[in-house]
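Engineer: Make a model of this:
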Amino acid sequence: MPEKQAYQLYIDRNPRCRMVRLRFEPDRMQLRVTVPERMTEREVAEIISRHRRWIENRAARAAEKQELSLRYRPVAGGVVPFLGRDYPVVSVNVAADYVGFGVTARMREDRIEVSSSDPETVKRELELFYLTRAEKILPERLSGMASENGVDFKSFKISDARGRWGSCSGNGRIRLSWRLVFFPMEIIDGVAAHELAHRRWMNHSADFYREWGRIYPDYLKVREFLTRAGDSYGFL
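Structural biologist: Predicted coordinates for the structure are as follows:
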């Protein structure tokens, strides 16, 4: 193993163990290896070495998720994403700039402005900012992609789901999470294509993936993005 590790290694010697088990715990950045009680240190080291690529891949993913979870803070002075780009959150003078603007944050060229430095107010304004834009962007992208690919659906709704970015029922009701507008447009399109593919295949079979790829050829990039970092966008 390399001299410097980005994770902690724990060896569990279990008298009941018959097969070696490797488990990476991303929240703790720990690799836990369960081995038979009489296995030698050299044998354990050889097993870890054989699985080094898998281990390092898991560690890299976990480190990236941790970095993302620390990057975004929905507070004045923090940073939040919109359509794949990071923007600073700036509190501005309400009297000067927000007369009649209501309670939603406002997009500028290089920042997102809020009317207060109060954390709860900022969070509420940002949520409304994202929701109003999702209500415009998501149905447009979904409908356009459906029309271009000859796929129909019964209805569309914005969802408040975390982690589950989209869903499609058996009768053609599609939902997309408003949090998708955190991501680049190509990720939004890929998720929309995923739900449209379910109009033909209500499963995740090889046929489903072929249909997803027909609608959106770069679907593997979308799947990798969401697997690698998608669940780290839980700041709102």
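Engineer: make it CA atoms for all contacts and neighbour counts henceforth
Structural biologist: Will do.
Engineer: State the pLDDT value of the residue lying farthest from the centre of the chain.
Structural biologist: For the chain, the residue at maximal distance from the C-alpha centroid (C-alpha atoms, centre = their mean) is residue 38, at 41.8 Å. Here, the pLDDT recorded for residue 38 equals 88.
Engineer: One more: residue 29?
Structural biologist: 86.
Engineer: Any regions of this structure where pLDDT drops low?
Structural biologist: Of all residues in the chain, those with pLDDT under 70 make up the ranges 1-5, 94-103, 230-231.
Engineer: on that earlier part again, ok so the residue farthest from the centre of the chain is a helix residue?
Structural biologist: No. Per DSSP: H, G, I helix; E, B strand; the rest coil, residue 38 lies outside any helix segment and is coil.
Engineer: Following element in sequence after the longest helix along the chain, please.
Structural biologist: Longest helix in the chain, counting residues (DSSP state H): helix 119-148. Beyond helix 119-148 on the C-terminal side, the first helix or strand identified by DSSP states H and E is strand 155-159.
Engineer: Can you give the domain ranges for this structure?
Structural biologist: Annotated domains of the chain cover 8-71, 79-232 [automatic domain parsing].
Engineer: Run through who's touching stretch 217-229.
Structural biologist: Counting contacts by C-alpha atoms under 8 Å, 6 or more residues apart in numbering, the residues outside stretch 217-229 that touch it are 61, 64-65, 68, 186-187, 190-191, 212-213.
Engineer: Buried members of these into PyMOL, please.
Structural biologist: Buried subset of the contacts of stretch 217-229, written as a PyMOL selection, criterion 16 or more other C-alpha atoms under 10 Å:
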select buried, resi 65+68+186+187+190+191+212+213
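Engineer: wait, which of the contacts of stretch 217-229 is closest to residue 204?
Structural biologist: residue 212 (9.9 Å; C-alpha to C-alpha).
Engineer: distance of the closest one from residue 110?
Structural biologist: Look at residue 212 and residue 110: by C-alpha to C-alpha, to the nearest Å, they are 35 Å apart.
Engineer: ok, now which ones touch residue 110?
Structural biologist: Counted by C-alpha under 8 Å, 6+ apart, residue 110 has contacts 87-88.
Engineer: you'd agree it is in a helix?
Structural biologist: No. The assignment for residue 110 (three-state DSSP) gives coil, which keeps it out of a helix.
Engineer: how close does it get to residue 74?
Structural biologist: 16 Å.
Engineer: Would you format the contacts of stretch 217-229 as JSON lines with secondary structure and distance to residue 167 included?
Structural biologist: Below are the contacts of stretch 217-229 laid out as JSON lines (DSSP: H, G, I helix; E, B strand; the rest coil; distance: C-alpha to C-alpha, whole Å):
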{"residue": "61", "secondary structure": "helix", "distance to residue 167": "25"}
{"residue": "64", "secondary structure": "helix", "distance to residue 167": "26"}
{"residue": "65", "secondary structure": "helix", "distance to residue 167": "24"}
{"residue": "68", "secondary structure": "helix", "distance to residue 167": "25"}
{"residue": "186", "secondary structure": "helix", "distance to residue 167": "18"}
{"residue": "187", "secondary structure": "helix", "distance to residue 167": "15"}
{"residue": "190", "secondary structure": "helix", "distance to residue 167": "13"}
{"residue": "191", "secondary structure": "helix", "distance to residue 167": "9"}
{"residue": "212", "secondary structure": "helix", "distance to residue 167": "14"}
{"residue": "213", "secondary structure": "helix", "distance to residue 167": "18"}
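Engineer: Okay then, goodbye and thanks.
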